[in-house]
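1. Sequence isn't available, so here's the structure alone:
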């Protein structure tokens, strides 16, 4: 029998078809084959398992170390990011505070601070039950960064930065020490921030205004600009650009030279983007309302990448399909915003816009409300409290009117108080700035287009409105004024003056008689300075964007007075 036959017989044997009594040659071949297919012995298996155990015993600690290192680095990166957000937020807000109203004892590890901002709102930082730092209007706080194991305040006056003080009226420097908890196995991170508050600025000759070098941010067109601060150096500017399209750009201010540069512009509406209004949602998201195609009312969410300062649109929404001209925005809470606008028939309308959290990437609206059935042109808004808002506007016969709008935060409906006529001759394009919880400065384009200002008083019981003695701050021309608060008695007003040039003046309010006076006006643009917008940079500097020569977009930094610390 040859080899092929033997192999065949072996296979047949496995199949049970060859007798085990086959000849000796074939049986020998079978035994060799079976021997070749034997598995590991028990000893060999034990040795293999022992070797595997030794290898894993050596490798597993390395894996644990790698995973621990990754968790530590991830926790450290998260703590650093949280600290960057927190420190920047503290510096930006505390440096612009008008005054500190309450602060925790310097020995309190998880402390708090309350202060009044430029719009007379009382804001607060503290630590919540989850060990997160929270911020916002008193009674309306939201989580900002954390978790933290330390949030400690030490305060000083303007002349001695070595001796801590507790008298809130004298505080001019605030030092914050905070420890961010590392969520991984790594170490916690401790950071320190110091913010210097305004110091009652005035020079020997009164409140003076000077300007830095103007900057042309759009050489085609930059009409009706609106501003919103991003941080201490960056500002979002929305405007009506070439072909009346909607444009936005980040303006960067060098706080050493006060030169201005611009980042990459972004077109947010290629059809129409007239008279935009801006308000901040958070540090990277901004709500922009504007008059879009067909004069309809539109709103979008603009997101700013704080790494490269580019702008993208998250969502856009048509809030009025008939007309939505010259909108004004004010924040109600993190996800709701009141928008007043000139609607169908040029009547006065208001609506609550809702923003989807937590991504801020979708917009919806509540039920619109018609607050004036005759005329409601160019409305301006100012917050009174979380449910009440002062609205000034050009009403019937172009007279000046004001009304308190009440927002029901349960169903988001709007109602109104009794309207009040603050100027029976003319009250066009009014601007508002809060003085305190019941008084508001209103600057407007009055009779013969002169510049007028008046203090409006709101009765928080009946929500009725009265006025103080009106004051004419420019007898030649004072069109389309913009206001920014300097302190509780002084306000910067930029406007379109004689020859349509750009002018600015400091208005002083006597908080006893509520009368108004002015300092020496300053001409910041001799060619053309129409429709100004203002945003505070620090206690002495303000960014002013305006519609300049040939309707191009311009911006300049205005400086107020010379620093002098008064007792």
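-> In hand now; what should we look at? Because the structure is predicted, anything quoted here is derived from the model rather than measured.
2. what's near enough to touch the nearest residue to residue 134 once chain neighbours are set aside?
-> If the residues on either side of it in the chain are set aside, residue 134 comes closest to residue 141, at 4.2 Å by Cβ to Cβ, 6 or more residues apart in numbering. To be clear about C-beta, it is placed using only N, CA and C from the backbone, and glycine gets the same treatment. Residue 141 is in contact with 124, 126, 128, 134, 135, counting by Cβ atoms under 8 Å, 6 or more residues apart in numbering.
3. any idea of the pLDDT on residue 451?
-> Here the pLDDT value assigned to residue 451 is 97.
4. How many neighbouring residues does it have?
-> Look at residue 451: counted by other Cβ atoms under 10 Å, it has 28 neighbours.
5. Distance of it relative to residue 551?
-> Using Cβ to Cβ, to the nearest Å, residue 451 is found at 22 Å from residue 551.
6. Ok, residue 126 next?
-> In terms of Cβ to Cβ, residue 126 sits 47 Å off from residue 551.
7. hang on, the earlier thing: may I see the PyMOL selection of the buried members of the contacts of residue 141?
-> To isolate the buried ones among those in PyMOL, judged by 16 or more other Cβ atoms under 10 Å, type:
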select buried, resi 124+126+134+135
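8. Could you list the domains of this structure?
-> 95-197, 209-560 (automatic domain parsing).
9. Go through those domains and name the closest to residue 82.
-> Evaluated over the domains of the chain, closeness to residue 82 peaks at domain 95-197, with 4.3 Å, by Cβ to Cβ.
10. where's residue 84, which helix or strand?
-> Element membership for residue 84, per DSSP states H and E: helix 42-94.
11. C-terminal to that helix, what's the next element?
-> Per DSSP H and E, helix 42-94 leads on to strand 99-103 as the next helix or strand towards the C-terminus.
12. Which neighbouring elements make contact with that following strand?
-> Helices and strands touching strand 99-103, by 3 or more Cβ pairs under 8 Å, 6 or more residues apart in numbering; DSSP states H and E, are strand 113-116, strand 148-156.
13. Nearest to residue 535 among those strands would be which one?
-> Nearest to residue 535 among the helices and strands packed on strand 99-103 is strand 113-116 (18.1 Å), distances taken as Cβ to Cβ.
14. Could you pull up the mean pLDDT of that closest one?
-> pLDDT averaged over strand 113-116 gives 88.
15. Repeat that for stretch 81-96.
-> Averaging pLDDT along stretch 81-96 gives 78.
16. what comes up buried for it?
-> Residues 82, 83, 85, 86, 87, 89, 90, 91, 92, 94, 95, 96 are the ones in stretch 81-96 that count as buried (16+ other Cβ under 10 Å).
17. of all the residues you listed, which comes closest to residue 334?
-> Using Cβ to Cβ, residue 89 comes nearest to residue 334 of those, at 14.4 Å.
18. Could you check how far the closest one is from residue 318?
-> As defined by Cβ to Cβ, residue 89 lies at a distance of 33 Å from residue 318.
19. Could you report the pLDDT at the residue nearest to residue 134?
-> For residue 141, pLDDT reads 87.
20. in what helix or strand does it lie?
-> Secondary structure (DSSP H and E) places residue 141 in strand 140-145.
21. what's the spacing between that strand and its chain's center?
-> 13 Å (Cα atoms, centre = their mean, to the nearest Å).
22. What strands line up against it, and which way round?
-> Sheet pairing of strand 140-145 (DSSP bridges) gives strand 133-137 (antiparallel).
23. Next, the angle strand 148-156 makes with the strand it pairs with.
-> 60 degrees (axes from the mean of the first three to the mean of the last three Cα atoms, to 10 degrees).
24. re earlier: now for the contacts of residue 141: which two are most distant?
-> By the measure Cβ to Cβ, 124 and 128 form the most distant pair in those, at 11.3 Å.
25. is it true that residue 532 touches residue 542?
-> No - at 10.3 Å, residue 532 does not count as touching residue 542 under the criterion of Cβ atoms under 8 Å.
26. shared neighbours of the two, anything?
-> Joint contacts of residue 532 and residue 542 (Cβ under 8 Å, 6+ apart) do not exist.
27. Which one's more surrounded, these two?
-> More neighbours surround residue 532 than the other of residue 532 and residue 542, with 28 against 23 (other Cβ under 10 Å).
28. I'd like to know how far residue 233 sits from residue 401.
-> Distance from residue 233 to residue 401, by Cβ to Cβ: 39 Å.
29. One more: residue 105?
-> Plainly put, residue 105 is 48 Å away from residue 401 if you go by Cβ to Cβ.
30. Checking my notes, residue 351 in a helix, right?
-> No - applying DSSP: H, G, I helix; E, B strand; the rest coil, one finds residue 351 to be strand, outside a helix.
31. what bits of this protein have low per-residue confidence?
-> Across the chain, residues meeting the criterion (pLDDT under 70) sit at 1-39, 63-77, 79-80, 118-119, 183-186, 198-206, 562-567.
32. List the residues that contact residue 274.
-> Residue 274 is in contact with 224, 240, 244, 246, 290, 291, 292, 295, 325, counting by Cβ under 8 Å, 6+ apart.
33. Mind giving me the ChimeraX select for those, buried ones only?
-> The ChimeraX command for the buried members of the contacts of residue 274 (criterion: 16+ other Cβ under 10 Å) is given here:
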select :224,240,244,246,290,291,292,295,325
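34. Now intersect the contacts of residue 274 with the strands, please.
-> Using DSSP state E, the members of the contacts of residue 274 that fall in strands are 224, 240, 246, 290, 291, 325.
35. so what's residue 452 closest to, chain neighbours aside?
-> According to Cβ to Cβ, 6+ apart, the nearest residue to residue 452 is residue 446 (3.4 Å).
36. If you could redo that for residue 476, that was the one I meant.
-> residue 498 (4.1 Å).
37. and that neighbour, how many neighbours does it have?
-> Other residues within reach of residue 498, judged by other Cβ under 10 Å, total 13.
38. what do you get for residue 59?
-> Using other Cβ under 10 Å, residue 59 has 10 neighbouring residues.
39. got the contact list for residue 98?
-> Here residue 98 is in contact with 115, 116, 117, 118, 120, 197, 198, 485, 487, 488 (criterion: Cβ under 8 Å, 6+ apart).
40. Same question for residue 556.
-> Neighbour list for residue 556: 211, 212, 213, 214, 215, 260, 524, 525, 543, 544, 546 [criterion: Cβ under 8 Å, 6+ apart].
41. Nearest to residue 314 among those?
-> Looking across the contacts of residue 556 and measuring by Cβ to Cβ, the closest to residue 314 is residue 543, at 24.8 Å.
42. SS state for that closest one?
-> What three-state DSSP gives for residue 543 is strand.
43. can you tell me how far the residue nearest to residue 476 sits from residue 475?
-> Separation of residue 498 from residue 475 (Cβ to Cβ): 10 Å.
44. And residue 431, by the same measure?
-> Distance, residue 431 to residue 475, by Cβ to Cβ: 19 Å.
45. Residue 111 and residue 188, how far apart?
-> Distance of residue 111 to residue 188, given as Cβ to Cβ: 17 Å.
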